[in-house]
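Novice: Generate coordinates for the sequence data below:
(one chain, ligands or ions: 1)
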Amino acid sequence: MSENFFKEKKEWSRYKDFILAYYLYYLHLALNSRTVQTDQQHYGRQTCVMSVLALLLFAPQNYEIYQWICARRRRFTTNEHGHNSSQGETMKYDEIGEWSEIKLDILKEYAGAYTAILSKKSWCKGYIYIDAFAGPGQHIRKTTGEFVTGSPLNALSVRPSFTEYHYIDLDGEKVEELRKIADNRAGVHVYHGDCNEKLTQDILPRLTYDTYKRALCFLDPYGLHLEWKTVKLAGSLKTVDIFLNFPIMDINRNVLFADLGKAKREDVERMNAFWGDDGWQQILYREQSGLFGGTHLVKVEGFERLALEYRKRLKTIAGFKFVPEPVLMRNAKNGPLYYLFFASPQRVAEKIISDIFKKYRKRL
Ligand SMILES: C[S@@+](CC[C@H](N)C(=O)[O-])C[C@H]1O[C@@H](n2cnc3c(N)ncnc32)[C@H](O)[C@@H]1O
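Specialist: Numbers count the residues shown, from 1 in each chain. I've put the predicted structure just below:
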């Protein structure tokens, strides 16, 4: 039994519920016994005896049951991104919807085609998988509560195999969990930190064109956590294909207010970092005079326009030659969640992903 067994008053009061439950059970038997009086006396005595026994003999078991129930009560909590999480003894797993599984399927299918092509190129000295927002390696399916493997583990099962895997996450617990599952595999590197720094300072600079290496990079944040400098560097190398989660929900909820003055300064700054500058404000907002003087920035365009302009930026500023139309992912209530963008320096990549996108659009 734990040293802190009765430490918290709250816990003690829950523990008492179990004794009461035993007591009530035998009381019920005593009162509802349809047989002779001796039975009622017997159950009455049992009620008292069992109450004491429950306290003495079943204490450890009750406490275990109590802990189990508390763990189940804690199981569904909400993480910092507003996504439901499932919490085990040491780890929170995020609950994911069908739209996330479609995203994972798209990535898996493309990854298979990618390694199949590059493994046949004699000039190619490595084809690398980078998961910049890797997560713990598994999630919980929202509808059934079952485990679903996440993108880093899916990448490990792609055949032919990638030659290296680089996994990054900002959440230390998720990194530890991922390390337990994936770190012992050949070519796997797991990093704890901000992917924008790790990618721009360490991983991407090693993928210049003269290395004859190629990479597929999955940029899958929940919200506005990806910075434009990272995307721009990936595009400039001409060696990297990216999948990019364009987080409409975070943008709509926290930045694109009808009056931009209502947005928090830190959210506007996150948006600026995501966009690369404050140019999105000129695209979406117009200056309007207020009734009592002064001016406001009033929204005149929505997220669709923003995505259109981002696609242009991927081509003209980041330098990705091929950026097909992204897939819009919606939740069960048909609300827009994010666009899944793909960008590549290769025409053949665009052809492959366009076919995959077309197939999956039918499931959306
Ligand atoms: C959508 S989840 C990733 C899911 C994963 N791609 C999958 O499909 O299995 C986003 C992850 O990004 C992590 N994260 C958030 N900001 C980050 C940052 N700046 N750098 C690295 N990871 C970050 C979160 O901890 C979270 O695990």
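Novice: Ramachandran coordinates for residue 127?
Specialist: The phi/psi pair for residue 127 (degrees, to the nearest 10) reads phi -130, psi 120.
Novice: Over to residue 341?
Specialist: Given degrees, to the nearest 10, the pair of backbone angles that residue 341 has is phi -90, psi 150.
Novice: how close does the closest residue to residue 149 other than its chain neighbours sit to residue 214?
Specialist: Excluding the flanking residues, the one nearest residue 149 by C-beta to C-beta, 6 or more residues apart in numbering is residue 138, at 5.6 Å. For glycine as for every other residue, the C-beta is placed from the backbone atoms N, C-alpha and C. Distance of residue 138 to residue 214, computed by C-beta to C-beta, to the nearest Å: 27 Å.
Novice: Comparing those two, which residue is more hemmed in?
Specialist: Taking neighbours as other C-beta atoms under 10 Å, residue 138 and residue 214 compare with residue 214 leading, 26 against 18.
Novice: Quick check, the more buried one in contact with residue 234.
Specialist: No: using C-beta atoms under 8 Å, residue 214 is not in contact with residue 234; the gap is 11.9 Å.
Novice: got any residues that touch both of those two?
Specialist: Contact with both residue 214 and residue 234 is made by residues residue 240, according to C-beta atoms under 8 Å, 6 or more residues apart in numbering.
Novice: For this protein, which residues are neighbours of the ligand?
Specialist: Residues of the chain found near the ligand (C-beta under 6 Å from any ligand atom) are 104, 131, 133-135, 150-151, 168-171, 174, 194-196, 220-222, 225.
Novice: Buried ones only from those, please, as a ChimeraX command.
Specialist: Of those, the buried ones go into a single ChimeraX selection, burial set by 16 or more other C-beta atoms under 10 Å:
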select :104,131,133,134,135,150,151,168,169,170,171,174,194,195,196,220,221,222,225
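Novice: from the residues of the chain next to the ligand, which ones fall inside helices?
Specialist: Residues of the residues of the chain next to the ligand located in helices (DSSP state H): 104, 151, 174, 195, 196.
Novice: just curious, which of these is nearest to residue 308?
Specialist: residue 196 (24.2 Å; C-beta to C-beta).
Novice: before we move on, the earlier item: quick one, what contacts the residue nearest to residue 149?
Specialist: By C-beta under 8 Å, 6+ apart, the contact set of residue 138 is 93, 147, 148, 149, 150, 153, 181.
Novice: Please pick the buried ones from the residues you listed.
Specialist: Using 16+ other C-beta under 10 Å, the buried ones in the contacts of residue 138 are 93, 148, 149, 150, 153, 181.
Novice: tell me which of those residues is nearest to residue 344?
Specialist: When the buried ones among the contacts of residue 138 are compared against residue 344 (criterion: C-beta to C-beta), the nearest one is residue 150, at 22.8 Å.
Novice: Put together JSON lines for the contacts of residue 138, with pLDDT, secondary structure and distance to residue 328 on each row.
Specialist: Formatted as JSON lines, the contacts of residue 138 follow (pLDDT from 0 to 100; DSSP: H, G, I helix; E, B strand; the rest coil; distance: C-beta to C-beta, whole Å):
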{"residue": "93", "pLDDT": "93", "secondary structure": "strand", "distance to residue 328": "26"}
{"residue": "147", "pLDDT": "96", "secondary structure": "strand", "distance to residue 328": "27"}
{"residue": "148", "pLDDT": "97", "secondary structure": "strand", "distance to residue 328": "22"}
{"residue": "149", "pLDDT": "98", "secondary structure": "strand", "distance to residue 328": "24"}
{"residue": "150", "pLDDT": "98", "secondary structure": "coil", "distance to residue 328": "22"}
{"residue": "153", "pLDDT": "98", "secondary structure": "helix", "distance to residue 328": "26"}
{"residue": "181", "pLDDT": "94", "secondary structure": "helix", "distance to residue 328": "32"}
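Novice: Let's verify the nearest residue to residue 285 once chain neighbours are set aside: helix, strand, or coil?
Specialist: Spatial nearest neighbour of residue 285, chain neighbours left out: residue 297 (4.0 Å); criterion: C-beta to C-beta, 6+ apart. Following DSSP: H, G, I helix; E, B strand; the rest coil, the label given to residue 297 is strand.
Novice: and whatever residue of the stretch 1-150 of the chain ends up closest to the ligand, what is it in contact with?
Specialist: Residue of the stretch 1-150 of the chain nearest the ligand, by C-beta to the nearest ligand atom: residue 150 (2.4 Å). Neighbouring residues of residue 150 by C-beta under 8 Å, 6+ apart: 104, 134, 135, 136, 137, 138, 139.
Novice: Now do the contacts for the first one.
Specialist: Think residue 104. Neighbours of residue 104 in contact, by C-beta under 8 Å, 6+ apart: 148, 149, 150, 151, 154.
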